[in-house]
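1. okay, sequence plus prediction incoming.
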There are 2 protein chains.
Amino acid sequence: MAKDNKPRRPKAETPKGFRDYFGADVTERNEMLDTIAAVYHRHGFDPLETSAVETVEALGKFLPDVDRPNDGVFAWQEEDSDWLALRYDMTAPLARVAAQFRNELPTPYRRYAMGPVWRNEKPGPGRFRQFYQCDADTVGAATVAADAEICAMLADTLEAVGIPHGDYIVRVNNRKVLNGVLDATGVADADQQASVLRTIDKFDKVGESGVRELLGKGRLDASGAFIDGVGLTDEQAGPVIAFLTSKGDDAETTLANLRAAVGDSQIGQDGIAELEEIAALLAARGYGPDRIQIDPSVVRGLGYYTGPVFEAELTFEILDEKGRPRQFGSVAGGGRYDDLVKRFTGQTVPATGVSIGVDRLLAALRAKGRMGGVDHGPVVVTVMDRDRMADYQIMAAELRAAGIRAEVYLGNPKNFGNQLKYADKRNSPVAVIQGSDEANRGVVQVKDLILGAKIAASASLEEWKSQPAQFEVARTDLVAEIRKILDGAEG
Amino acid sequence: MAKDNKPRRPKAETPKGFRDYFGADVTERNEMLDTIAAVYHRHGFDPLETSAVETVEALGKFLPDVDRPNDGVFAWQEEDSDWLALRYDMTAPLARVAAQFRNELPTPYRRYAMGPVWRNEKPGPGRFRQFYQCDADTVGAATVAADAEICAMLADTLEAVGIPHGDYIVRVNNRKVLNGVLDATGVADADQQASVLRTIDKFDKVGESGVRELLGKGRLDASGAFIDGVGLTDEQAGPVIAFLTSKGDDAETTLANLRAAVGDSQIGQDGIAELEEIAALLAARGYGPDRIQIDPSVVRGLGYYTGPVFEAELTFEILDEKGRPRQFGSVAGGGRYDDLVKRFTGQTVPATGVSIGVDRLLAALRAKGRMGGVDHGPVVVTVMDRDRMADYQIMAAELRAAGIRAEVYLGNPKNFGNQLKYADKRNSPVAVIQGSDEANRGVVQVKDLILGAKIAASASLEEWKSQPAQFEVARTDLVAEIRKILDGAEG
């Protein structure tokens, strides 16, 4: 059939796992990024914008849970040349820049970066393949004062974007303490160490007694199946249990418990000393445990962390899609990674930083109703006489010159109802109408669409009569009259 | 040898054709984007942010001069699925969105979009594979009032970012007029038509007599080689020559000349009528030929334009890399493309828009010295006593609370000279110094680095003595004293 020969039309679809953002979703995110950038900047951090594309070689393989082709990144090969890929975070490009420009950049180098990152993951509900990150890192500072500064700045940033004191907590731990706990168990075999770490991760699910069984001989799970244990003695398991139950009411108690847990492991003691110094620096600046606290349960997934790790969690509840209350959870995380630059240069460069998940943070603020007020569209100047387009354009220009968002209706003007429907769809506050009769008399009709909507929704006949939503004003008063309506709508 | 077994280190290199942006290069571009967005927004345009990735199918093939693999885009195949690619402009994603969301979006749909686009081109000096575009388009408006609005808004935008009246010109032409000229020649053969268009493009190089020869029997070029002509008669060539020489001192003259050139070609007459309407609308709003003018020499490359086309050019001269003055040239362009959405839906959707090349515009402003004032770094609080880090952090926090950019030096504090070198490298205005002696006396040393640099550069001994660049202030006056220095530096 002839129809089969027609070229197939392309599908108009956002690629799977990607999103389009419209209107306020764009501007609200930009405003949040600006606010975060201002906090970072005030702390001495300089902006850096690398390209979205890196060589696969430079990116390295630091993504967790990678079981997809291209190792979790979107990659392609240059003609007879390098493999290139989209960045999957902001840290890998920073390590590349820190190595490439090490002679030009100041040391320490404090930088911030914000923009999209891409993950080649299976798309799913709420899981997207492009999302925004907003990072701050200090490269070249070995002191944990740099980690403390990042934690304090993270708290300041959350408050700056509208998460008040009490609605978030920054938790701090140290990878070295975890290594110390492994030391203290006396387990030397790498596989067995890995089993211990996996068991630690199950603490939330199975509790103290469950972990005890899993570290020892094993355990019957809920389904009745027997799970083999790691095979540690009670004595070997002791430090792990002590570590898992070390959190006290204040930093001193927690640190004392941790000290007991790691015993005489040097790396463990080093880690605790670092946490102690961080806690002291934060306490001196007034960041108490109500905002930032030592918490041994923080075990960030990425393999590259080498010292302090931190995570910011929102502590308020929101309703999930089924209407059940749940904690919002993590919106930012980071830590110290002293070996990333070394990949390029062979020399250890101490570095620490944080990454804020901007999209999650926006979702949290929206869920709490702290974002997304009424977003009025432009004033719409309607078109009554097609050949008087210039007059309408001049009205819109006058309004804009006064700082008022305004446009002329540019669809087919034949059906006037469509023009008002358009103004409704744009959420316009005001429509301006001028036919030839009004033009001859030097007046315009001004239709207050905000008031109109209110009256339509709720007003009595009395009110309807006393507050006409459409009225005539002198052409020369157009801007002033509309300004009045807009000021009234804001007040 | 053992050394050969070492894993090769990755190269720390920006991929070829890509760039990293540091510090003010990032903030200045963001400020420009904000300014442009504000103008677009005030004109009623809504932000849209599509993802960087589209299906190759949706992107289509609209790039000019494509002789590279992947047709000029960076593309890769999903596992057993679609080919995906990075967007090469903002128009193709808009066409996809306009088709996909046609039932939800208002008609007309005015949107703006800003962000990077990617071109898989051979990198070269000044040619980059990722750059910023900042577009505004109106979809669903058939009237040329929409084109006129875009041209006026483009002029407003250039002035808003700092290109004053007189330093730019927006030139407007119409593809239909070009089609009318072809009609008027009587040439019906598609190949011969294409030859005529190619010859028109050589007008700048070979002038009127050259074009006359090339349209006719042919021409000896500068090297002595004979270039075959298109083979038109003088009569057939007439409309082309008339078109190429049609530009007059004002719109009326130009339009009259064009009218003569296209003869009784209907599409040509339509195009001229559109230009006339655009000129009238712009004149009514006060955009004279000193800002926006009809110019038949504008022939934008992209094949998808169907009506008015426009281009903004900066008219001032800058010095090129060899110190020779040259015109800066084009920074924005656009036009009407009525068939892009049709690819998806089968229905013609009228659309028009403009794209500003933000990186070029920034380069122009920098070349004119209208950007990049002194960009001071943060106040640097130096570290004299490592164990008093908390005190230094508190000083920096106090300064930040007063809105002053400040940081504590976090490198190795042993060598104090390095701390001051660091402050220099950061272009810090002030360094703060407090040893244990000062701490005990409740004072700090404040080092005015701006004044210090001035004195070092030029001052006499007298001035040196009368204006000490380093002085002692009470710890409690720290913020106030630094505020004084910063205010002085700005004044």
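-> The structure has been received and is ready for your questions.

2. centre of the chain versus stretch A:156-167, how much separation?
-> Put simply, stretch A:156-167 sits 14 Å off its chain's centre (C-alpha atoms, centre = their mean, to the nearest Å).

3. next: stretch A:265-282.
-> Centroid separation between stretch A:265-282 and its chain, computed with C-alpha atoms, centre = their mean, is 29 Å.

4. check stretch A:127-139 too.
-> With C-alpha atoms, centre = their mean as the basis, the distance from the averaged C-alpha position of stretch A:127-139 to the chain average is 8 Å.

5. helices and strands of chain A: which one bottoms out on pLDDT?
-> In chain A, the helix or strand scored least confidently by mean pLDDT, DSSP states H and E is helix A:461-466, which has a mean of 62.

6. show me what the following helix or strand past that one is packed against.
-> Next helix or strand after helix A:461-466 toward the C-terminus (DSSP states H and E): strand A:470-474. Based on contacts counted as 3 or more C-beta pairs under 8 Å, 6 or more residues apart in numbering or on different chains; DSSP states H and E, the elements that strand A:470-474 packs against are strand A:443-448. Quick note: C-beta positions are derived from backbone N, CA and C, even for glycine.

7. please repeat the previous calculation with a cut-off of 10 Å.
-> Packing partners of strand A:470-474 (3 or more C-beta pairs under 10 Å, 6 or more residues apart in numbering or on different chains; DSSP states H and E): strand A:430-433, helix A:436-441, strand A:443-448, helix A:449-458, helix A:478-490.

8. which residue lies nearest the spatial centre of chain A?
-> Taking C-alpha atoms, centre = their mean, the centroid of chain A lies closest to A:Val358, which sits 1.7 Å from it.

9. tell me how many other residues crowd the residue lying closest to A:Arg219 once chain neighbours are set aside.
-> Distance criterion C-beta to C-beta, 6 or more residues apart in numbering or on different chains; nearest residue to A:Arg219, sequence neighbours excluded, is A:Glu213 at 3.9 Å. By other C-beta atoms under 10 Å in any protein chain shown, 17 other residues sit near A:Glu213.

10. give me the pLDDT for A:Glu213.
-> With respect to pLDDT, A:Glu213 scores 93.

11. next: A:Ser195.
-> With respect to pLDDT, A:Ser195 scores 87.

12. could you dump the stretch of helix or strand it belongs to to PDB, C-alpha only?
-> Assigned by DSSP H and E, A:Ser195 belongs to helix A:190-201. These are the backbone C-alpha positions of helix A:190-201, laid out as PDB (Å, rounded to 0.1, in the frame of the first residue of the first chain):
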ATOM      1  CA  ALA A 190      40.400  -9.600  53.200                       C
ATOM      2  CA  ASP A 191      37.300 -11.700  52.300                       C
ATOM      3  CA  GLN A 192      36.500 -12.100  56.000                       C
ATOM      4  CA  GLN A 193      36.900  -8.300  56.500                       C
ATOM      5  CA  ALA A 194      34.500  -7.700  53.600                       C
ATOM      6  CA  SER A 195      32.000 -10.000  55.300                       C
ATOM      7  CA  VAL A 196      32.300  -8.100  58.500                       C
ATOM      8  CA  LEU A 197      31.600  -4.800  56.700                       C
ATOM      9  CA  ARG A 198      28.600  -6.300  54.900                       C
ATOM     10  CA  THR A 199      27.300  -7.400  58.300                       C
ATOM     11  CA  ILE A 200      27.800  -3.900  59.800                       C
ATOM     12  CA  ASP A 201      25.600  -2.600  57.000                       C
END
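
13. re earlier: mean pLDDT lowest where, among the helices and strands packed on strand A:470-474?
-> Note on the helices and strands packed on strand A:470-474: helix A:449-458 shows the lowest mean pLDDT, a mean of 80.

14. export that helix as CSV, just CAs?
-> Only the C-alpha atoms of helix A:449-458 are listed here, as CSV (Å, rounded to 0.1, in the frame of the first residue of the first chain):
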residue,chain,number,x,y,z
LEU,A,449,-8.1,38.4,36.3
ILE,A,450,-7.0,37.7,39.9
LEU,A,451,-10.1,39.5,41.2
GLY,A,452,-12.2,38.0,38.5
ALA,A,453,-11.2,34.5,39.6
LYS,A,454,-11.9,35.3,43.2
ILE,A,455,-15.3,36.7,42.5
ALA,A,456,-16.2,33.8,40.3
ALA,A,457,-15.2,31.4,43.1
SER,A,458,-16.8,33.0,46.1
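
15. now do the buried residues in that helix.
-> Neighbour counts over helix A:449-458 (16 or more other C-beta atoms under 10 Å in any protein chain shown) mark A:Leu449, A:Ile450, A:Leu451, A:Gly452, A:Ile455 as buried.

16. for it, packing partners?
-> Taking 3+ C-beta pairs under 10 Å, 6+ apart as the contact cut, helix A:449-458 packs with helix A:416-425, strand A:430-433, helix A:461-466, strand A:470-474, helix A:478-490.
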